[in-house]
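Student: sequence unknown, structure follows:
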DNA sequence: CAAGGTATGTCAGAATACTGACATGGGTCA
DNA sequence: TGACCCATGTCAGTATTCTGACATACCTTG
């Protein structure tokens, strides 16, 4: 008899496991960021800005995997609260280069440490070479999904 | 001079890559499910029910990584549209065992095929042993995050 | 048996993210 | 030059998910 249905087997599905891992990571991050009064998206935006100063709203959106509309409202809040600054006028085109303020940098400092500890915990059971392998394999999956956009 | 900041390096962070992969997978799934008039969460719920008939609202929520409140509103919609059924009264405790209707099963059939093709695309570049390795590594990450809940 | 603890279903409100739409700036190309 | 095309910023409305709260049902434990 076996299975009648040829569906996705959740017990062995890499897609399901990927979602599970991502969900667990996000929950763990929320847990340590909440005491700091920061959400995962807030943190992601600040972290991205720290490493790539001058990114525009749309670029930040792509880097944090949300729409540019979502990032726009987030940036307005962060700007209002004094964590980031944007020039009143675009130096070129319409893109407004965003930068962290000293306050934003300070706030990020603690959050970044907390998130690093979460990531370290996640990788605690993996050797250096296993981590490299995981990185390589995940990159391959992302590439495959992007390179073959539905049609093929 | 090297980096002044000891932050999370997005270029090499497994956590960031995990989020990227999960985001890419979700986007790809949304793309193929949209023509079928189904969202990712709808699909996840139906797929879970197909493999584990009789699951309760709370169990479905845990299996799809959302809160039981979210799953509750989803189930009410699925019930209203005739995809699932729940008894009016709980046979034991408060848990209401949920089951797919023939209509729900039919609807799932196409969606499941579409999702399977997405997963196949994601894994196209990986050998059998690489897929096993990816599974093992991701499981390790999930276990580490769960077993060491913040404190340690 | 009574009391506390845990799990469940559900309602209500708030937060978050998305889709749709529009105007603007810059580049390409005939 | 002028007509397209694409990317961007932003406003508005909608959809989705979450947190908070409450009542109920079972299961211990004293």
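Tutor: Okay, I see it. Keep in mind it's a predicted model, so treat the numbers as computed, not measured.
Student: who touches the spatially most central residue of chain A in this structure?
Tutor: Centroid check for chain A by CA atoms, centre = their mean gives residue A:64 as the closest residue, at 4.5 Å. Neighbouring residues of residue A:64 by CB atoms under 8 Å, 6 or more residues apart in numbering or on different chains: A:41, A:44, A:45, A:48, A:71. Yep, even glycine has a C-beta here, placed from its N, CA and C like the rest.
Student: In terms of helices and strands, where is the residue in chain A positioned nearest to chain B?
Tutor: Nearest residue of chain A to chain B, counting by CB to the nearest CB: residue A:22, 3.6 Å away. Using DSSP states H and E, residue A:22 sits within helix A:14-33.
Student: wait, does the next helix or strand after that helix contact chain B?
Tutor: Sequence-wise, the next helix or strand downstream of helix A:14-33 (DSSP H and E) is helix A:40-51. Yes: on the criterion CB under 8 Å from any CB of the partner chain, helix A:40-51 is in touch with chain B at A:47, A:48, A:50, A:51.
Student: what's the next secondary structure element after helix A:40-51?
Tutor: Counting by DSSP H and E, the next helix or strand C-terminal to helix A:40-51 is helix A:57-64.
Student: That following helix - what's its average pLDDT?
Tutor: Throughout helix A:57-64, pLDDT has a mean value of 98.
Student: what angle do it and helix B:14-33 make?
Tutor: Interaxial angle, helix A:57-64 versus helix B:14-33 (axes from the mean of the first three to the mean of the last three CA atoms, to 10 degrees): 100 degrees.
Student: any idea how far residue A:8 is from the residue nearest to the centre of chain A?
Tutor: From residue A:64 across to residue A:8, the span is 28 Å (CB to CB, to the nearest Å).
Student: Over to residue A:59?
Tutor: Using CB to CB, one obtains 35 Å as the distance from residue A:59 to residue A:8.
Student: Between those two, point out the one with more neighbours.
Tutor: Counted by other CB atoms under 10 Å in any protein chain shown, residue A:59 and residue A:8 do not tie: residue A:8 has more neighbours, with 22 against 17.
Student: Are we agreed that the more buried one is in a helix?
Tutor: No: counting by DSSP: H, G, I helix; E, B strand; the rest coil, residue A:8 is not part of a helix but coil.
Student: That one and residue B:119 touch, don't they?
Tutor: Yes: taking CB atoms under 8 Å as the definition, residue A:8 is a contact partner of residue B:119 at 6.8 Å.
Student: Count the residues that sit near residue A:87.
Tutor: Neighbour count of residue A:87, defined by other CB under 10 Å: 10.
Student: Could you give the backbone dihedrals for it?
Tutor: As for residue A:87, its main-chain torsions (degrees, to the nearest 10) stand at phi -70, psi 150.
Student: show me the residues around the residue nearest to it when sequence neighbours are not counted that make contact.
Tutor: The shortest distance from residue A:87 to any non-neighbouring residue, by CB to CB, 6 or more residues apart in numbering or on different chains, is to residue A:96 (6.1 Å). Counting by CB under 8 Å, 6+ apart, residue A:96 makes contact with A:56, A:57, A:86, A:87, A:90.
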